[in-house]
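J.: Provided below are the primary sequence and the corresponding predicted coordinates.
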Amino acid sequence: MNPVGGYLVVLGGLLLLYGLAALVIRRYARDTGRHADADGVSVQAIRARVQRERFHEQLTGADTEVLPVTPEPAGADEPPTEPLSLPKRARRYVQPTPYPRTPVKRPSLELKRRVLEGLEHLDEPDEQPGQELPESDLPPGDG
């Protein structure tokens with residue numbers, strides 16, 4: 001069998017499955033549609049409808065609360081009659097420090113020069129592979 005025939009067989013099988021699925025879905029929708037219409041006359045549906053109607057009737061007969069009348073706000077073009085102010089609040093996110101704050105000291109020019117020089121030579125390898133570091137270059141405690 002050639003490859004085109006195989007593709008046609010697979011396509012035909014998929015179309016058959018698609019048609020069966022559509023038939024089942026249509027039949028299920030038609031059956032549930034019948035039951036949905038019949039559900040409106042069941043005992044539970046009638047009781048639920050009566051409860052909803054009684055609840056809405058109680059809501060319409062409930063007392064209404066009278067809200068206080070507020071004066072009409074001034075227009076946007078008119079200046080406000082009283083100054084606007086916000087209430088004072090404690091800022092919880094700022095913790096007081098037990099020591100006075102001092103400005104940070106600027107680094108010396110010598111330190112800046114050494115850092116810049118080190119950054120320039122950052123990509124260059126400082127030693128050959130397998131070469132031992134001299135004792136003076138080891139950090140204290142590693143010996």
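T.: That came through, no problem. Numbering: from 1, shown residues only.
J.: where does the protein dip in pLDDT?
T.: Counting by pLDDT under 70, the ranges of the chain that qualify are 1, 31-40, 64-71, 73-74, 80, 91, 94, 125-143.
J.: same thing but at 90, please
T.: Across the chain, the stretches falling below the confidence threshold (pLDDT under 90) are 1-7, 25-49, 55-107, 118-143.
J.: strands along that one, start to end?
T.: Taking DSSP state E as the test, none of the chain falls into strands.
J.: mind checking the longest helix of it?
T.: Criterion DSSP state H: the longest helix present in the chain is helix 3-39.
J.: go through that helix and flag the buried ones.
T.: With burial defined by 16 or more other C-beta atoms under 10 Å, not one residue of helix 3-39 is counted as buried. All C-beta spots, glycine's among them, are computed from the backbone N, C-alpha and C.
J.: same for that helix, what does it pack against?
T.: Other helices and strands packing on helix 3-39, by 3 or more C-beta pairs under 8 Å, 6 or more residues apart in numbering; DSSP states H and E, are absent; none qualifies.
J.: residues touching stretch 82-100, excluding its own?
T.: Applying C-beta atoms under 8 Å, 6 or more residues apart in numbering, stretch 82-100 turns out to have no external contacts.
J.: could I get the CA-only coordinates of it as PDB?
T.: Taking Å, rounded to 0.1, in the frame of the first residue of the first chain, the C-alpha atoms of stretch 82-100 are listed here in PDB:
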ATOM      1  CA  GLU A  82     -12.100  74.700  54.600                       C
ATOM      2  CA  PRO A  83      -8.400  73.600  54.300                       C
ATOM      3  CA  LEU A  84      -7.800  70.000  53.500                       C
ATOM      4  CA  SER A  85      -5.500  68.100  55.800                       C
ATOM      5  CA  LEU A  86      -4.600  64.500  56.300                       C
ATOM      6  CA  PRO A  87      -4.500  62.900  59.700                       C
ATOM      7  CA  LYS A  88      -1.200  62.300  61.300                       C
ATOM      8  CA  ARG A  89       0.000  58.700  61.200                       C
ATOM      9  CA  ALA A  90       2.900  56.900  62.600                       C
ATOM     10  CA  ARG A  91       5.200  55.500  60.000                       C
ATOM     11  CA  ARG A  92       5.700  51.900  61.100                       C
ATOM     12  CA  TYR A  93       8.200  51.100  58.400                       C
ATOM     13  CA  VAL A  94      10.800  53.600  59.600                       C
ATOM     14  CA  GLN A  95      12.600  52.100  62.600                       C
ATOM     15  CA  PRO A  96      14.500  54.600  64.900                       C
ATOM     16  CA  THR A  97      18.200  53.800  65.200                       C
ATOM     17  CA  PRO A  98      20.000  53.900  68.500                       C
ATOM     18  CA  TYR A  99      23.000  55.700  67.000                       C
ATOM     19  CA  PRO A 100      23.200  58.900  65.000                       C
END
